[in-house]
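> what would the 3D arrangement of this be:
(one chain, ligands or ions: 2)
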Amino acid sequence: MPAAVELSSVSTGIRALFCMLTPNESSFEKVEDVPQYVQQATPFFIGLMVLELVVGVLKTGGSVVKIGDGLTSISAGMVSRLPMLFMRGCELAGYVYVWDRYRLVELPWDSAWTWWLTFLGVDFCYYWVHRFAHEAAILWAAHQVHHSSEYYNLTTALRQSLTQQFASWIFYLPMALAVPPSIFAVHIQLNLLYQFWIHTELITDLGPLEWVFNTPKHHRVHHGRNLYCIDKNYGGILIIWDRLFGTFALETDKVVYGLVYPIKTFEILYIQFHYYLYLWKKSKIYKNISNKLLTFLNGPSWKPGKPRLGDHKGNPKVTGKEVPHVPSWPLHLQVYVVLHFLLVLRTYHDLFENKMVLSQLTILGMTGYVLLTLTSMGFIIDQRPTAAVLEMLRCVVMVTMHRYSYMKPLLPALAVPTEAFVSLSLLYWGLQSFSQLHGIKKKAG
Ligand SMILES: [Zn+2]
Ligand SMILES: [Zn+2]
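Numbers count the residues shown, from 1 in each chain. Ligands and ions are numbered 1, 2, ... in the order given. Reported below is the predicted structural model:
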């Protein structure tokens, strides 16, 4: 029987990121025995992001990551995993249900054949999940989050949708008729992990690997808003599906990243939900019920009288000279946001570590705090007029949490400076809010 592999060794961790685990070390009889590969990969994500930053500076002379954009991407990754505090992953719960009741055959869990077949099956299903996520507006409303950065680096990989997981599991259900849930649970994670490293501009061309595998070069095209990039290169690990089904495009012109209409905001919940609101408003324009429905089911660019996916001729022309939206904000606020982001990252980490011993109410409260913090950081980066008041209120919550030990310093040795920093933050934003309100009153007077 294969030994349970924890990602404790660096070698295993790195290999898991590139889907290079052997069937022998990653086949399990029970779902409960499957390691939380994605959760355990966090240190490797951080390590590779730092490496990309350093190599980027050496290669280009500048930073490949902008603070506002990078933090927003990591925040989206954090938000997307919050539902896991309350339930087992959607993909797995639905899968186990179908397997338990409707399986037709039972492929042996300890066979390398099953492992490789599942590898192919998950990647094939992912291609279709991803293609539908671009071709059906209601699914695009979820998936657009991943495409909302105008940059392309490893942080972009973490910019994930909160809502996509509630629909994508359906596409994998046919596999539950034959593939044991434990093997599926391994591959659904390895498939996701593989897609981390391909989000970089620093790797240009990988020669013959480009024929078969999804690579940074191919996935850059997928993130482009140039006309030749739209609805192309959906593959997860393998690019062969795109070559087979006619959605492959080779990188040619300089890729300009992001949505066709960039959202130009760092507000985390807006990024997650704005497109649902847009679709709802769009559907209300049409009187005819079928047009209303097709607004959600056809492609995001669809309009009555146009083909299913609409046409992209009306898209803003991409010249290659587009400049991403980067707010100019004072250095002291940048330092402030980074420090508070690290603090909330610690709280977030502790929340996942202790979820089994915390009450539902505590988990709910701490989830609310994480969301409030990430929202408030977005308001500060966006430099919204209401940022001062929101951040002051958040600081009140933070001071309370700190007092009742729901919040820990990054390191035990930093307990005193953290306490001082938390209190000073409240004082600072209290004064900011006061002077802002005073200013408004004076103006009104
Ligand atoms: Zn996509
Ligand atoms: Zn991507």
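> low-confidence stretches in this protein?
Along the chain, segments meeting pLDDT under 70 span 1-8, 88-90, 445.
> counting contacts, what elements does the longest helix along the chain pack onto?
Longest helix in the chain by number of residues, with DSSP state H as the criterion: helix 415-444. With contacts taken as 3 or more C-beta pairs under 8 Å, 6 or more residues apart in numbering; DSSP states H and E, helix 415-444 sits against helix 331-353, helix 387-403. Quick note: C-beta positions are derived from backbone N, CA and C, even for glycine.
> how distant is the shortest one from the center of its chain?
Right, helix 387-403. 26 Å (C-alpha atoms, centre = their mean, to the nearest Å).
> how about it: buried residues?
By neighbour count on 16 or more other C-beta atoms under 10 Å, the buried set for helix 387-403 is Ala387, Ala388, Val389, Leu390, Glu391, Met392, Arg394, Cys395, Val397, Met398, Met401, His402.
> contacts for that helix, please.
With C-beta atoms under 8 Å, 6 or more residues apart in numbering as the contact definition, helix 387-403 has outside contacts at 347, 366, 369, 372-373, 375-376, 379-380, 407, 418-419, 422-423, 425-426, 429-430, 432-433, 436.
> can I get that helix in PDB, CA atoms only?
Taking C-alpha atoms only, helix 387-403 is exported to PDB below (Å, rounded to 0.1, in the frame of the first residue of the first chain):
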ATOM      1  CA  ALA A 387     -11.700  54.800   3.300                       C
ATOM      2  CA  ALA A 388     -10.800  56.700   6.500                       C
ATOM      3  CA  VAL A 389     -14.100  56.000   8.300                       C
ATOM      4  CA  LEU A 390     -14.200  52.400   7.200                       C
ATOM      5  CA  GLU A 391     -10.600  51.800   8.300                       C
ATOM      6  CA  MET A 392     -11.300  53.500  11.600                       C
ATOM      7  CA  LEU A 393     -14.300  51.100  12.200                       C
ATOM      8  CA  ARG A 394     -12.100  48.100  11.200                       C
ATOM      9  CA  CYS A 395      -9.400  49.200  13.600                       C
ATOM     10  CA  VAL A 396     -12.000  49.200  16.400                       C
ATOM     11  CA  VAL A 397     -12.900  45.600  15.500                       C
ATOM     12  CA  MET A 398      -9.200  44.800  15.300                       C
ATOM     13  CA  VAL A 399      -8.300  46.300  18.700                       C
ATOM     14  CA  THR A 400     -11.200  44.300  20.200                       C
ATOM     15  CA  MET A 401     -10.100  41.100  18.600                       C
ATOM     16  CA  HIS A 402      -6.500  41.700  19.700                       C
ATOM     17  CA  ARG A 403      -7.700  42.300  23.300                       C
END
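> how is this protein partitioned into domains?
10-245, 331-444 (automatic domain parsing).
> right, and the ones you listed - which one's nearest Asn288?
Nearest to Asn288, of all the domains of the chain, is domain 10-245, at 16.5 Å by C-beta to C-beta.
> quick check: end-to-end length of the closest one?
Criterion C-alpha to C-alpha, to the nearest Å; first-to-last residue distance in domain 10-245 is 37 Å.
> what sits closest to the residue nearest the centre of the chain if chain neighbours are left out?
What sits nearest the mean C-alpha location of the chain, by C-alpha atoms, centre = their mean, is Gln160, with 1.7 Å. The shortest distance from Gln160 to any non-neighbouring residue, by C-beta to C-beta, 6 or more residues apart in numbering, is to Ser80 (3.9 Å).
> how close does the one you found get to Leu390?
Plainly put, Ser80 is 22 Å away from Leu390 if you go by C-beta to C-beta, to the nearest Å.
> just Thr367 next, same as before
For Thr367, the distance to Leu390 equals 18 Å [C-beta to C-beta].
> what does Trp116 give?
51 Å.
> try Lys317
To Leu390, Lys317 is 37 Å away according to C-beta to C-beta.
> list the contacts of the strand or helix carrying Arg101.
If you go by DSSP states H and E, Arg101 is part of helix 90-102. Residues outside helix 90-102 that contact it (C-beta under 8 Å, 6+ apart): 31, 83, 87, 165-166, 168-170, 172-173, 175-177, 180-181, 184-185, 188.
> from the residues you listed, which ones fall inside strands?
Among these, DSSP state E puts none in strands.
> could you identify the buried members of these?
Buried residues within the contacts of helix 90-102, defined by neighbour count using 16+ other C-beta under 10 Å: 31, 83, 165, 168-169, 172-173, 175-176, 180-181, 184-185, 188.
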